[in-house]
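> Quick one: sequence and predicted model below, then my questions.
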Amino acid sequence: MVTRIYAVGDIHGHLTRLQDIHQRIATDQAQHGDHDAPVIHVGDLVDRGPDSKGVIDHLINGIANGENWTVLKGNHDRLLQKFVEDIDWCDPVLRPDYTWLHPRMGGWTTLNSYGVEGPPDMPLPRLQALVRQNLPQAHHRFLADMPLYHQTDKVLFVHAGIRPGIPLADQTEDDLIWIRQAFHDYMEPFEALIIHGHTVIDAVTHYGNRINIDTGAAYGHDLSAIVIEGGQVWILDPEGRRALPNPAG
């Protein structure tokens, strides 16, 4: 049997778009007689979009109901998790003039989806107390337990990428959820084809050694998904599969 696996890009609080993507995947699974084919979500469930709480609810409930879904941790997911756990924690990769609550990061939209309202200058201990009251424990456990990557024989799924030349077992969490330039500039083959998001592009793109599937749902653009089967890759459009060209041939 041909191995088939799906991947979904950065969701960023867009529940209706995620539900639409899951329906596209279910339709494709039905057409190919493979209802149990795994679906890998490459992280960044929260921030910027209107319903981060709904996204996490949807994923938790789907997994509980038997969906073969894997959800990887993105940098935004870690920011929410760490805010709940320790308000003094500073992300070592985030630029020093930013925090999760900076308008460009979108943390407040996530808090609003959990019913947390307040002035932007609310004292952090008070805000953290409100978040702990409103964020279900199941959501915190889900965020804390998210894996950093998913690997098959020939494909590696990760939120941001990997640092070239470093064995997978030695990769740091910071790189797996934040890396950009060193990963993007590397043109040689990796040990596996890498499927990632994290960096917004106009359309799903195959670079030969990696595929970026973050098409900017965070900024109101499309949420994208692909299917990998027998070494070939397709984008899942509303009309069905569309072949994704590989520049390596």
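Noted; the coordinates are in hand.
> which non-adjacent residue is nearest P164?
Y186 (4.3 Å; Cβ to Cβ, 6 or more residues apart in numbering). Placement of C-beta: from N, CA and C, glycine included.
> List the buried residues of stretch 166-176.
Q171, D175, L176 (16 or more other Cβ atoms under 10 Å).
> What distance do you get for the first one to A26?
Using Cβ to Cβ, to the nearest Å, we find Q171 at a distance of 33 Å from A26.
> follow-up on the earlier one: for the residue nearest to P164, phi and psi?
phi -80, psi 120 (degrees, to the nearest 10).
> Repeat that for Q232.
phi -110, psi 160.
> same thing with H41?
Torsion angles, degrees, to the nearest 10, at H41: phi -100, psi 130.
> ok now stretch 193-208, how far from the chain's centre?
12 Å (Cα atoms, centre = their mean, to the nearest Å).
> Just send the buried residues of stretch 166-176 back as CSV, with secondary structure and distance to L143 too.
Shown next, in CSV, are the buried residues of stretch 166-176 (DSSP: H, G, I helix; E, B strand; the rest coil; distance: Cβ to Cβ, whole Å):
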residue, secondary structure, distance to L143
Q171, coil, 20
D175, helix, 19
L176, helix, 15
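> nearest to P136, of those residues?
L176 (26.0 Å; Cβ to Cβ).
> what does the model give that closest one for pLDDT?
On pLDDT, L176 comes in at 98.
> swap in A192?
For A192, the predicted pLDDT is 96.
> for it, what are its contacts?
Q151, T152, D153, K154, V155, L156 (Cβ atoms under 8 Å, 6 or more residues apart in numbering).
> tell me the contacts of R4?
H32, D34, A37, V227, I228, E229.
> Any of those residues buried? List them.
Judged by 16+ other Cβ under 10 Å, buried ones among the contacts of R4: D34, A37, V227, I228, E229.
> Who are the packing partners of the helix or strand in which the third one is found?
Taking DSSP states H and E as the definition, one finds V227 inside strand 225-229. Using 3 or more Cβ pairs under 8 Å, 6 or more residues apart in numbering; DSSP states H and E as the contact criterion, the secondary-structure elements in contact with strand 225-229 are strand 4-8, helix 15-31, strand 193-196, strand 232-237.
> Quick check: buried residues in the first one?
If I follow you right, that is strand 4-8. Applying 16+ other Cβ under 10 Å to strand 4-8 flags R4, I5, Y6, A7, V8 as buried.
> same question, the longest one
Judged by neighbour count using 16+ other Cβ under 10 Å, the buried positions of helix 15-31 are L15, R17, L18, I21, H22, R24, I25, D28, Q29.
> and those residues as JSON lines, adding pLDDT and distance to N209?
Output for those, formatted as JSON lines (pLDDT from 0 to 100; distance: Cβ to Cβ, whole Å):
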{"residue": "L15", "pLDDT": "98", "distance to N209": "33"}
{"residue": "R17", "pLDDT": "98", "distance to N209": "28"}
{"residue": "L18", "pLDDT": "98", "distance to N209": "28"}
{"residue": "I21", "pLDDT": "98", "distance to N209": "25"}
{"residue": "H22", "pLDDT": "98", "distance to N209": "28"}
{"residue": "R24", "pLDDT": "98", "distance to N209": "26"}
{"residue": "I25", "pLDDT": "98", "distance to N209": "25"}
{"residue": "D28", "pLDDT": "97", "distance to N209": "25"}
{"residue": "Q29", "pLDDT": "96", "distance to N209": "28"}
